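K.L.:
compute the structure for the input listed below.
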Amino acid sequence: MTIFPYLCVMVYWNLFSCFAKIGAFTIGGGYAMIPIIEKEVVEKRKWIDTADFTDIIAISQSAPGLLAVNISIFVGYRIKGIWGSLIASIGCIIAPFLIMLLIAAVFTDFKDNEVVGRIFQGIRPVVVAVILVPMINLAKRNRLNFWKGCIAAGCLALISFAGVSPALLIALTLLGATGYTTWQLKNQSNANKPQP
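P.N.:
This is a model prediction of the structure:
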């Protein structure tokens, strides 16, 4: 009986420390965090499997808010319910919040420094590569075929060149996918019905 509260506290601490480490040491934002989050929660800790993680990424992208925080909320909820999602999300945002607070406090003194400017210029291409790698891995994992590639390329063109809102495209894609799946299930059930 005495070990149960200790185990509960350890689960919450593991959630908090896992996402605090991810938030503190990942440069490049949400998409750059995906491989690190996957390594921690899927490969190392085995809290969820790869298929569930892919679904969580899809839902997190569709939901408003920061991608990494959304992922932490879903993973925390899966592990320990509402309190787990709260603890995981706090862990995810606490380190970046404190780091950004520190940078904001001292950045005005260094923003015109030539060395600092060159450092930021050097970081930019690395961040692009760090974001591109999880995108390629997601495409492979989701078995990107010709039609899915056409949808992705069309959405990219609409966002980049026509100025269409990503939220609108996500909503239309969700509606289209729901309609297509409903139509498929209806045809499948009709095919399985015994013929008179």
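K.L.:
show me where pLDDT drops low in the protein?
P.N.:
Across the chain, the stretches falling below the confidence threshold (pLDDT under 70) are 1-8, 27-30, 111, 142, 192-196.
K.L.:
in it, where's the longest helix?
P.N.:
helix 67-110 (DSSP state H).
K.L.:
helices or strands up against that helix?
P.N.:
In this structure, helix 67-110 makes packing contacts with helix 3-25, helix 30-38, helix 50-62, judged by 3 or more C-beta pairs under 8 Å, 6 or more residues apart in numbering; DSSP states H and E. Where C-beta positions appear, they are placed from N, C-alpha and C, glycine not excepted.
K.L.:
using TSV, please lay out the ones you listed together with distance to residue 133.
P.N.:
Listed next are the helices and strands packed on helix 67-110 as TSV, based on distance: least, C-beta to C-beta, whole Å:
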stretch	distance to residue 133
helix 3-25	16
helix 30-38	7
helix 50-62	14
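K.L.:
so which of the ones you listed is the most packed in?
P.N.:
Between the helices and strands packed on helix 67-110, helix 30-38 has the highest mean count of neighbours, a mean of 21, where neighbours are mean count of other C-beta atoms under 10 Å.
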